[in-house]
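Novice: pasting the sequence and the predicted model now:
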Amino acid sequence: MTKVVQRVLVVEDAPEVRRLLRLYLENDGFEVAEAEDGEQAIRQMREQGADLILLDILLPGTSGIDVCRSIRRLSAVPIIFVSSMNESRHVIEGLESGADDYITKPFDPPVVIARVKAGLRRAGPSAGADGGRTPGGLWEHGRIRLDLDSYELRVDGRVVELYTKELQLLLFFIHNPNRVFHVEELYNKIWGWDSTGELTTVMVYISNLRKKIEENPAKPQYIRTLRGFGYKFCV
């Protein structure tokens with residue numbers, strides 16, 4: 001049986017950090033490509049692609065945030081920020097630019113590897129609650145219409161673009177309506193990492209999804225907050 005080797009692109013200007021990540025990734029069987037700045041990263045993605053990107057924010061020239069936005073226009077590849085910028089506003093900005101996860105420096109290399117594996121497991125837009133393909137068909141309720149074959153989302157008849165994790169989150173809610181989920185549960189189900197992790201990630205993606213599907217995101221009809229308990233998708 002042929003083993004499929006997955007390719008991780010490490011975008012980092014510090015050589016010692018690149019060497020450390022390469023060592024651990026290659027020891028775990030990954031193919032590793034490197035880029036020292038944003039221009040190299042975008043060029044690598046255009047020419048060779050990658051299965052996942054580890055991306056620093058503080059890069060020479062183009063910032064990691066802008067790189068993330070540019071790559072998102074090319075691909076839905078999982079992107080994980082690895083950054084020394086550890087304030088909540090930095091995490092939120094990174095996630096809102098289209099990243100799937102955020103790891104702060106200094107990091108524990110085995111934790112990074114685990115997050116990479118989790119990101120790859122959940123990478124496909126068809127991954128639902130059980131990680132398998134969502135059965136085809138059409139889901140429709142009120143203003144929302146989602147084609148479960150093409151994953152085209154329409155709200156009030158208008159096509160709405162979703163990032164991969166936004167789509168996975170919406171699919172999970174669709175398959176689990178009217179149930180309350182803690183933030184930790186949603187993080188584990190969608191991001192696949194069995195710890196509290198960066199729970200801000202969930203709240204940012206909930207906020208982004210509300211902006212795209214709710215008539216009034218401040219008073220959501222679908223994704224409702226139950227203070228002290230979590231979130232419920234109401235249909």
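Specialist: That came in fine, so what should we check first?
Novice: CA only for contacts and neighbour counts going forward, please
Specialist: Noted.
Novice: so who does A14 touch?
Specialist: E36 (CA atoms under 8 Å, 6 or more residues apart in numbering).
Novice: hang on, I meant V8
Specialist: 30-33, 50-54.
Novice: tell me the secondary structure for it?
Specialist: Three-state call for V8 (DSSP: H, G, I helix; E, B strand; the rest coil): strand.
Novice: L146 too?
Specialist: strand.
Novice: so what's it bridging to?
Specialist: Applying DSSP bridges to L146 gives these bridge partners: W139, L153.
Novice: burial measure for it, as a count.
Specialist: L146 has 20 neighbours, counted by other CA atoms under 10 Å.
Novice: identify the residue nearest E140 in space, chain neighbours excluded?
Specialist: Among residues not flanking E140 along the chain, L146 sits closest, at 6.3 Å (CA to CA, 6 or more residues apart in numbering).
Novice: surely that neighbour touches G157?
Specialist: No. The pair L146 / G157 is not scored as a contact, 10.7 Å apart, by CA atoms under 8 Å.
Novice: what is the closest residue to D101 other than its chain neighbours paired to in the beta sheet?
Specialist: Distances taken as CA to CA, 6+ apart place I80 nearest to D101, at 4.7 Å, with adjacent residues excluded. On the basis of DSSP bridges, I80 is bridged to L54, D101.
Novice: low-confidence stretches in the protein?
Specialist: 1-4, 123-136, 192-198 (pLDDT under 70).
Novice: same thing but at 50, please
Specialist: Within the chain, the stretches with pLDDT under 50 are 1-3, 125-135, 195-196.
Novice: would you point out which residue is most central in it?
Specialist: Residue closest to the average C-alpha location in the chain (CA atoms, centre = their mean): D100, at 2.0 Å.
Novice: returning to what we had before: for the residue nearest to D101, what are its contacts?
Specialist: Residues in contact with I80 (CA under 8 Å, 6+ apart) are 52-55, 99-103, 116.
Novice: that'll do, ta.
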